[in-house]
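Enquirer: 3D model of this:
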Amino acid sequence: MELSTSAIPQKIPIVLPSRTQTKDPKAWKSIIRNHARLRNDRAVLTSYTQMEASGVSPDIFVLPLVLKACTRLKEVEKGRKVHSDIRAMGLTEDIRVRTSLVDFYCKCGFLEEALHLFEESPNRDTVFWNAMICGYVGNSQHKDAVLLFARMQSENLRPSSVTLVGLLSACGELLELRSGQEIHCHCLRNGLFDSESHVGTALIGFYSRFNLRVSRLVFDLMVVRNIVSWNAMISGYVNAEDSSEAHRLFMSLLIDEIRLNSVTVLIMVQSCTSKGFAEFGKQIHQLAIKNGFSSDIFIVNALIVTYSKNGSLESSHKLFETIPTTKRDVALWNAMLSAFKEFGSSDEAFRSFERMRSECIRANTTTIAILLSTCTDSDNGLEKGKSLHAHVIKSGIDMDASLGNAVMGMYIDLECIYSAQNFFNEMSSMNVVSWNTLILALAHNKLTGQLL
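Expert: Residues are numbered from 1 along each chain as shown. This next block holds a predicted model:
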């Protein structure tokens, strides 16, 4: 299969001002705005540094662009430096700059800094509230998001569609059906449902957690729909394991000549993991190639899983080998290892693990867990299991409860009960599954007295 390179972002050259422009703030502003428009975040930061070096101070229009670039690149220290510059220039009171700072800290995971900026702000508009509310949602602090919205209402501020979309996400995570329904009613009363497609899309996702038929009703009633709306509805069916309905809706999308994107293709590939959809999966694969998504690593990963689930290890392996070694990440290797596990090809899984290490791909907890589960079907399984256990310790891989349970399970499956018990006694992180696994093993081997 020939891989398309159309999805690979091309480098955008950094345009520098001429000598006569280096002291001209307007010239620097124009350059940084152009880089921001092209989403060339690295060029934005480089230009900002050069702008400072030339002695030109940024203004309230440039600083939000620089902070957004820091956010997308996760350049935390650079963002803190920009914050320091803002304080030095006395621009912290500008609402746009302050909103950008809150957004930066939230999206980089520093909620305390964001909340401090929020609370000390004397002037707060709806956009500013949105930054903090959505920041809470983005960091899975859903109760805090709802409580902050209650404060926003107490100040008689009118929520925007962005506010409501964030709240719908929070209500969905908290399984607050009544609150979500109230937001839905607010959207209908204020005309947001008919005019804003992202509101309808958020409602589809929200109701998918409770009643898929209501989600479909919302979808069918939407006046303005885009590909994101279609993806949300199709994904709802896939998550509910109703692949047939997902496929029917996908065919409607094609009939309506809606331009699909890589997310659509990924969802459809995932819908074919159930047995009986092998042929449809092949058709989606061809569609991915036709639309230039064949090099999308997430789609390739899903296809490897789909082919193996439908009984074609050969197709999974063939597809895996088409991916250049430089593009194979740990998730892709894990998908291939899972395929070998699915077919009981434990020795091939371990050979692939050695190849993975030779390509300098660092294993994660999922990698080790997959391999541990194949030890019982492998020649010299105990030796390989002990080697994996040693590799975890030597490599500094986090031995969380899930991985610890996998190690203990390996010893139990290979009937090394005392090794399993000794390992359990050394576990620093365990959960109820850990206890149940050991208790059942001891009971099965009539060693329950060892629990005392």
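
Enquirer: List the contacts of Leu254.
Expert: Leu254 makes contact with Leu260, according to C-beta atoms under 8 Å, 6 or more residues apart in numbering. Just so you know, the C-beta spots here come from the backbone N, C-alpha and C atoms, and that holds for glycine as well.

Enquirer: Check the gap between it and Met233 for me.
Expert: 14 Å (C-beta to C-beta, to the nearest Å).

Enquirer: before we move on, what about Arg209?
Expert: Counting by C-beta to C-beta, the gap from Arg209 to Met233 is 14 Å.

Enquirer: Same question for Tyr207.
Expert: Taking C-beta to C-beta, one finds Tyr207 at 10 Å from Met233.

Enquirer: overlap in contacts of the two?
Expert: With C-beta under 8 Å, 6+ apart as the test, Tyr207 and Met233 both reach Ser215.

Enquirer: With adjacent residues omitted, what lies nearest to Glu75?
Expert: Leu45 (6.7 Å; C-beta to C-beta, 6 or more residues apart in numbering).

Enquirer: Wait, that neighbour touches Thr71, no?
Expert: No. Applying C-beta atoms under 8 Å, one finds Leu45 not in contact with Thr71, separated by 11.3 Å.

Enquirer: Other residues contacting the top helix by length along the chain?
Expert: Scanning the chain for the helix with the most residues, using DSSP state H, yields helix 381-395. Helix 381-395 has contacts (C-beta under 8 Å, 6+ apart) with 346, 350, 362-363, 368, 371-372, 375, 378, 397, 399, 403, 407, 410-411, 414, 416, 423.

Enquirer: Check stretch 177-187 too.
Expert: 146, 159, 161, 164, 167-168, 171-172, 192-193, 199, 203, 206-207, 210.

Enquirer: Go through those and say which is closest to Leu65.
Expert: Ser161 (23.3 Å; C-beta to C-beta).

Enquirer: For Asn301, see how far away the closest one is.
Expert: Counting by C-beta to C-beta - Ser161 and Asn301 are separated by 33 Å.

Enquirer: picking that back up, in terms of neighbours, single out the busier of Arg209 and Met233.
Expert: With neighbours defined as other C-beta atoms under 10 Å, Arg209 and Met233 compare such that Met233 has more, 27 against 16.

Enquirer: got the contact list for that one?
Expert: 204, 215-216, 219, 249.

Enquirer: any idea how far the residue nearest to Ala441 when sequence neighbours are not counted lies from Ala420?
Expert: Leaving aside its chain neighbours, Ala441 sits nearest to Ile412 (4.5 Å; criterion: C-beta to C-beta, 6+ apart). Using C-beta to C-beta, we find Ile412 at a distance of 5 Å from Ala420.

Enquirer: swap in Val137?
Expert: The separation that Val137 has from Ala420, given C-beta to C-beta, amounts to 41 Å.

Enquirer: if we can go back for a sec, and the angle from the following helix or strand past the longest helix of the chain to helix 381-395?
Expert: Proceeding N to C from helix 381-395, the next assigned helix or strand is helix 401-413, under DSSP states H and E. Taking axes from the mean of the first three to the mean of the last three C-alpha atoms, to 10 degrees, one finds helix 401-413 and helix 381-395 inclined to each other by 150 degrees.
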